[in-house]
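Colleague: give me a 3D structure for the following:
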Amino acid sequence: MSGAPQASVVETAVPARLDRLRWGRFHTLVVVALGITWVLDGLEVTLAGAVAGALKESPVLQLTNAEVGLASSFYLAGAVLGALLFGWLTDRLGRKRLFFITLAVYLVATAATAFSWNFASFALFRFLTGAGIGGEYTAIASTIQEFVPARYRGHTDLIINGSFWIGAAAGAGGSIVLLDPGLLPPDIGWRAAFFIGSVLGLGILVMRSWIPESPRWLMTHGRPEEAHAILDRIEDHHRARGHDVPEDEPAKLRLTSRRFTPLSEVRHVLFEVHRQRTLVGLALMVAQAFFYNAIFFTYALVLTDFYDIEASQVGWYLLPFAAGNFLGPLLLGRLFDTIGRRPMIAFTYALSGILLALTGALFAAGMLSATMQTVCWTVIFFFASAAASSAYLTVSETFPLEIRALAIAFFYAVGTGIGGIGAPWLFGALIDTGSRMSLFAGYLLGAGLMLGAAIIAARYGVAAERKPLEDVATPLSAAD
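Modeller: Next up, the predicted model:
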């Protein structure tokens, strides 16, 4: 189970050198160039929701509510398969190579969506777009985790995940303009909306050319000289900008070099060595995936079908919703590094579930207007966004370096597969019934999953705050 190691054992100070750095321009560049993935996902998801009414009214597509929900499920299915495939490749071929490939897949697929001619073509292009985004998650999350110093890791990761809602706001704002029939014909507006992501993606390709390969990945793949050369450049850059870089000898690790980690060892780590961490990761990912995908993908349908909001006006109701989702991780993020991972994860999950159940009851009783419904969602997702972001943080920092990308892919895939793929279709079908009580039952299911995840996190969560990644999970290649 040694992952085809090379003969040599290397002694490296890469982790300690990365973690002793103060925040600098390099870290900002990494976060912007790579973290933009979450903005793109937010853009895609919001556009799919905001243009739902236009897709139904399109003289070419003429989608039903169930087909709108099913197309969202295709997007999520693509994200699941893309995460698994590209996650496996990321651990084998490196972070940098894959975050270019996955972005290219996304760019082509989202542009192709604008040329859809029927439901089948639309669903196919959404599937491929999802595959690019799913692959982005694994390559990007592992890279960011491995560059950001331990003391900044928690709140930085939450804010990056929360930036999904910057994309959501951009998608909502773009839909308001592009779906205005006075500006563009109804069947052209939604097509133009899907080009927004392609335009952003082209700029991101250029920005990513400046990001080096992860030194942590290089050190475990028999390339310590390259890893230290990259760190030398980063430290020189820090000094040139007036940052103090400690001159004392950093702590070193002894690692057995390997080309890859076999899947049998991945299974052993996930289901035997760290099975409690696997339980926590699955519970958090499944609950937040169902919670978000069920509600957000069909939010526009609730507004149009139950509150008679015009499809072209849906974006106005998505903007405050997006603001609440971004402000949650931004304002609560530091508490995950100070109060701690376990109590904050349990608190945000539990409160989100309780508030969803209460709001669902008010909706079922017909006591909410469209405005009040939006206010309730904004408050709920202020906490739920921090909870969901902490799920991604948990699965990306609590497993060994050698399987980090594939572990992220596994939890994302299983969580999204169980909790997300069927949720948009299910809620689309519940909305088609026209029954508020039927939809309330779906909300209660989402609330129950969040409460269950809170209990599991409180019992088995890992106190990873402010600790080096190698202390949270010992590398598989660590030499005695």
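
Colleague: residue 86 is in contact with residue 406, correct?
Modeller: No - judged on CB atoms under 8 Å, residue 406 makes no contact with residue 86 at a distance of 9.8 Å. In short, each C-beta sits where N, CA and C put it, glycine included.

Colleague: which neighbours do the two have in common?
Modeller: residue 138 (CB atoms under 8 Å, 6 or more residues apart in numbering).

Colleague: show me what the helix or strand where residue 267 lies is packed up against.
Modeller: Taking DSSP states H and E as the definition, residue 267 sits inside helix 263-268. Here helix 263-268 touches helix 404-419, going by 3 or more CB pairs under 8 Å, 6 or more residues apart in numbering; DSSP states H and E.

Colleague: after the helix holding residue 267, which helix or strand is next?
Modeller: Following helix 263-268 toward the C-terminus (DSSP H and E): helix 275-296.

Colleague: and the helices in the stretch 51-200 of the chain?
Modeller: Ranges of helices within the stretch 51-200 of the chain are 52-57, 65-93, 95-113, 119-147, 150-162, 164-178, 186-193, 195-208, based on DSSP state H, counting those that start in this stretch.

Colleague: got CSV for those, with distance to residue 295, mean neighbour count and mean pLDDT too?
Modeller: As requested, these are exported to CSV (distance: least, CB to CB, whole Å; neighbours: other CB atoms under 10 Å; pLDDT from 0 to 100):
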stretch, distance to residue 295, mean neighbour count, mean pLDDT
helix 52-57, 14, 23, 70
helix 65-93, 12, 24, 84
helix 95-113, 23, 21, 88
helix 119-147, 18, 25, 87
helix 150-162, 17, 24, 89
helix 164-178, 13, 24, 77
helix 186-193, 21, 19, 75
helix 195-208, 22, 16, 80
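
Colleague: out of those, which is closest to residue 14?
Modeller: Taking CB to CB, helix 119-147 is the member of those nearest to residue 14, at 9.4 Å.

Colleague: from the contact counts, what lies against the closest one?
Modeller: helix 25-50, helix 65-93, helix 95-113, helix 150-162, helix 215-219, helix 370-397, helix 404-419.

Colleague: any idea which helix or strand comes after the fifth one?
Modeller: Pointing back at helix 215-219 there. According to DSSP H and E, the helix or strand after helix 215-219 is helix 224-240.

Colleague: what's the burial count for the residue found closest to residue 147 once you drop the neighbours it is linked to in the chain?
Modeller: Closest residue in space to residue 147, ignoring its immediate chain neighbours: residue 30 at 5.1 Å, by CB to CB, 6 or more residues apart in numbering. Residues lying near residue 30 (other CB atoms under 10 Å) number 22.

Colleague: now do the contacts for residue 30.
Modeller: Contact analysis of residue 30 by CB under 8 Å, 6+ apart lists 143-144, 147-148, 211.

Colleague: just those now: which is nearest residue 349?
Modeller: So of the contacts of residue 30, ranked by how close each gets to residue 349 (CB to CB), first place is residue 144, at 22.9 Å.

Colleague: quick one, what contacts the nearest residue to that closest one once chain neighbours are set aside?
Modeller: Among residues not flanking residue 144 along the chain, residue 34 sits closest, at 5.6 Å (CB to CB, 6+ apart). Residues in contact with residue 34 (CB under 8 Å, 6+ apart) are 99, 140, 143-144, 208, 211.

Colleague: let's see that with 7 Å instead.
Modeller: Listed by CB atoms under 7 Å, 6 or more residues apart in numbering, the contact partners of residue 34 are 99, 140, 143-144, 211.

Colleague: need the residues you listed in TSV with distance to residue 12, can you?
Modeller: TSV is the format used below for those (distance: CB to CB, whole Å):
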residue	distance to residue 12
99	23
140	24
143	18
144	20
211	21
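
Colleague: for those residues, which one is nearest residue 256?
Modeller: Lowest distance from residue 256 to the contacts of residue 34 (CB to CB) belongs to residue 143, with 22.8 Å.

Colleague: from what I can see the closest one touches residue 97, true?
Modeller: No - Residue 143 sits out of contact with residue 97 when judged by CB atoms under 7 Å, with a separation of 11.1 Å.

Colleague: how close does residue 275 sit to residue 460?
Modeller: The gap separating residue 275 from residue 460 is 10 Å, by CB to CB, to the nearest Å.

Colleague: could you check how many residues crowd around residue 409?
Modeller: Number of residues near residue 409 (other CB under 10 Å) recorded here: 31.

Colleague: no no, residue 307
Modeller: 14.

Colleague: residue 272 too?
Modeller: When neighbours are counted by other CB under 10 Å, residue 272 comes out with 9.

Colleague: what's the answer for residue 227, then?
Modeller: Neighbours around residue 227, by other CB under 10 Å: 25.

Colleague: so residue 11 belongs to a helix, correct?
Modeller: No - under DSSP: H, G, I helix; E, B strand; the rest coil, residue 11 sits outside any helix and is assigned strand.

Colleague: doesn't residue 252 make contact with it?
Modeller: Yes - the pair residue 11 and residue 252 qualifies as a contact (CB under 7 Å) at a distance of 5.2 Å.

Colleague: any weak-confidence spans in the protein?
Modeller: Along the chain, segments meeting pLDDT under 70 span 1-7, 49-50, 52-53, 57-59, 179, 186, 297, 312, 420-421, 480.

Colleague: separation between the residue nearest to residue 147 and residue 210?
Modeller: 9 Å.

Colleague: what of residue 288?
Modeller: From residue 288 to residue 210 the distance is 32 Å (CB to CB).

Colleague: more neighbours: those two, which one.
Modeller: More crowded of residue 288 and residue 210, by other CB under 10 Å: residue 288, with 29 against 10.

Colleague: ok, now which ones touch the more buried one?
Modeller: Neighbouring residues of residue 288 by CB under 7 Å, 6+ apart: 387-388, 391.
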